[in-house]
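S.K.: This is a predicted model, with the sequence first.
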Amino acid sequence: MARQINKLTARSVTTITKPGRHSDGGGLYLVVDRPTVDTDGNDRPGSKRWVFLYRRDGTLKEMGLGGLTAVPLAKARELAAEARANLQAKVDPIAAKKAAPAAVPTFGEMADDFIETMKPQFRNAKHIAQWTMTLTEYAAPLRKKPVNEITTSDVLEVLKPIWLTKSETASRLRGRIERVLDAAKAKGFRSGENPALWRGHLANLLPRRKKLMRGHHAALPYAAVPAFIADLRARPAIAARALEFTILTAARSGETYGMKWKEVDRKAAVWTVSGERMKAGREHRAPLTPRALAILEEMATFGTSADAFVFPGYRENKPLSVMAMDMMLRRMKVDVTVHGFRSSFRDWCEECTNFPRELAEAALAHVVGDETERAYRRSDALEKRRKLMLAWTNYCETKGIKPDKPFETDIFA
């Protein structure tokens, strides 16, 4: 009786999460690795890859066929069929694979493979999602082209439409294309100069990018923040509440995404973030204003058990997606970053208030002064910072804002 093949479906290979081998029949298996936890404590699903198992001279052998992102189910079946044909011809599939000239991958295949290979070096799940999004959406015209045929004109085609309107995104996209093409060259699929190289190449073909308002993150001018908050508050989504809370507390997005109810003392109006979750590695206490507490009151309807996430996601016991606030900004057609609102807050402190610089830096959880100076300044000035954050919240209010709308169906957007 012939062995059953084609057991899996295109849908099942994307939804399977159980670690181990999942047979498609005929020696083809989808291998799901065990999930891992990154340095920020975020769960990373196990990677998926194809293998072909066969016996040769009494020994079980395993031939890798590539990751699921680069090799879809149909392609994996073609490779497995080729391996079975080699076995029938009494040829070792692994030896045949080594002897055959490597097929030149498309840019899309190379980009997906690069991301999969480099996942361990990325800071967190959000960083992976950003790389995937830019090399999938913005680099779409490149994805079907063989990686050895990508030219300077091809790179310019994807950069020019966003070079001046989405400067930061365009710059990151260029760098990521350059990395992928460098990897292709290292694997022998390309030769010659990298068409995405900046210095001495694209620098002569593209205008200088607009300077960002502060630092390295596109920021909204503080004068525009109240109107933005008014628009944001009218949107019935958890991502909107999370973004407003992040702005009002001057927090980093990762601190908000990972926020659990055990960190919140609503009676004392204080949010305490452990050092393990802070960039500087030190515990940070953030005073909560009445509006911030009102947002928490809304989120409490989803449950307030100690280990529950304040801003929950679709999946049970999981936080909001690490791209949720970024996607909210995109839907609002505001070309800034979540982190940029910290710059908006810092500019407002400097230009519109008399609060000391050190207080503003403490609100941002920045480390100020040398080690000796910090040793003498042990207090985190919580109550002074409470006045600062209340002033910021009051500034962000706009007269005539309509009452908050109730949550609707797409609350996790």
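M.R.: Cool, the structure landed. Numbering: from 1, shown residues only.
S.K.: rest of the way, CA atoms for contacts and neighbours
M.R.: OK.
S.K.: List the neighbours of the helix or strand T272 falls within that are in contact with it.
M.R.: Assigned by DSSP states H and E, T272 belongs to strand 270-273. Under the contact criterion CA atoms under 8 Å, 6 or more residues apart in numbering, strand 270-273 has outside partners 255, 259, 263-265, 283-288.
S.K.: Sort out for me which of these are in helices.
M.R.: Secondary structure of the contacts of strand 270-273 is defined by DSSP state H; positions in helices are E255.
S.K.: On the three-state scheme, the most centrally placed residue in the chain is what?
M.R.: Of all residues in the chain, the one closest to the mean position by CA atoms, centre = their mean is K126, 1.9 Å from it. At K126, secondary structure determined by DSSP: H, G, I helix; E, B strand; the rest coil is helix.
S.K.: Does it touch A324 like I think?
M.R.: No - applying CA atoms under 8 Å, one finds K126 not in contact with A324, separated by 9.8 Å.
S.K.: Now do the buried residues in the strand holding T272.
M.R.: Applying a neighbour-count criterion of 16 or more other CA atoms under 10 Å, one finds 270-273 buried in strand 270-273.
S.K.: wait, which of the residues you listed is closest to A95?
M.R.: V273 (54.7 Å; CA to CA).
S.K.: quick one: that closest one and G281, what's the gap?
M.R.: Counting by CA to CA, to the nearest Å, the gap from V273 to G281 is 10 Å.
S.K.: where are the low-confidence patches of the stretch 301-413 of the chain?
M.R.: Scanning the stretch 301-413 of the chain for pLDDT under 70 picks out 367-380, 398-413.
S.K.: one step back: model confidence for the residue nearest to the centre of the chain, exactly?
M.R.: If you check K126, the pLDDT there is 70.
S.K.: picking that back up, so in that sheet, which strands flank the strand holding T272, and in what orientation?
M.R.: Strand 270-273 has the following sheet partners, assigned by DSSP bridges: strand 264-265 (antiparallel), strand 284-287 (antiparallel).
S.K.: K61 - that's part of a strand, no?
M.R.: Yes - under three-state DSSP, K61 sits within a strand.
S.K.: Specify the beta-bridge partners of it.
M.R.: Here K61, judged by DSSP bridges, has bridge partners Y54.
S.K.: quick one: it and I94, what's the gap?
M.R.: Distance, K61 to I94, using CA to CA: 9 Å.
S.K.: show me the contacts for the residue nearest to the centre of the chain.
M.R.: 322-323.
S.K.: if we go to 10 Å?
M.R.: Residues near K126 by CA atoms under 10 Å, 6 or more residues apart in numbering: 42, 132, 254, 321-324, 326.
S.K.: next one: G20
M.R.: G20 neighbours (CA under 10 Å, 6+ apart): 29-34, 46, 48.
S.K.: switch the cut-off to 6 Å
M.R.: G20 sits next to 31-32 when contact means CA atoms under 6 Å, 6 or more residues apart in numbering.
S.K.: just the one 10 residues further on next, same as before
M.R.: When contacts are counted by CA under 6 Å, 6+ apart, L30 is found next to 21-22, 49-50.
S.K.: out of the strands paired with strand 270-273, deepest packed?
M.R.: strand 284-287 (a mean of 23; mean count of other CA atoms under 10 Å).
S.K.: Now the very next helix or strand once past it: buried residues?
M.R.: Going down the chain from strand 284-287, the next helix or strand is helix 290-299, by DSSP H and E. Of all the residues in helix 290-299, those buried under the rule 16+ other CA under 10 Å are 291-293, 295-296, 299.
S.K.: Output the residues you listed in a markdown table; the columns should cover pLDDT and distance to L205.
M.R.: Formatted as a markdown table, the buried residues of helix 290-299 follow (pLDDT from 0 to 100; distance: CA to CA, whole Å):
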| residue | pLDDT | distance to L205 |
| --- | --- | --- |
| R291 | 94 | 48 |
| A292 | 94 | 47 |
| L293 | 95 | 51 |
| I295 | 94 | 48 |
| L296 | 94 | 49 |
| M299 | 92 | 49 |
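S.K.: Dump those residues to TSV, plus distance to G66.
M.R.: As requested, the buried residues of helix 290-299 are exported to TSV (distance: CA to CA, whole Å):
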residue	distance to G66
R291	50
A292	47
L293	49
I295	46
L296	45
M299	42
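S.K.: start to end distance for stretch 203-222?
M.R.: The first and final residues of stretch 203-222 sit 32 Å from each other (CA to CA).
S.K.: tell me the mean pLDDT over it?
M.R.: Stretch 203-222 comes out at a mean pLDDT of 70.
S.K.: go on, stretch 266-278?
M.R.: pLDDT averaged over stretch 266-278 gives 88.
S.K.: Same check on stretch 13-21?
M.R.: 90.
S.K.: Mind listing what's buried along it?
M.R.: Applying 16+ other CA under 10 Å to stretch 13-21 flags 13, 17, 19, 21 as buried.
S.K.: ditto for stretch 167-179
M.R.: Applying a neighbour-count criterion of 16+ other CA under 10 Å, one finds 167-170, 173-174, 176-179 buried in stretch 167-179.
S.K.: So which of these is the closest to R235?
M.R.: The closest of the buried residues of stretch 167-179, once distances to R235 are taken by CA to CA, is T169, at 25.0 Å.
S.K.: What's the mean pLDDT across the host helix or strand of that closest one?
M.R.: T169 belongs to helix 167-186 when assigned by DSSP H and E. Across helix 167-186, the average pLDDT comes to 91.
S.K.: Which parts of this structure are strands?
M.R.: 20-25, 28-32, 36-37, 43-44, 48-56, 59-67, 264-265, 270-273, 284-287 (DSSP state E).
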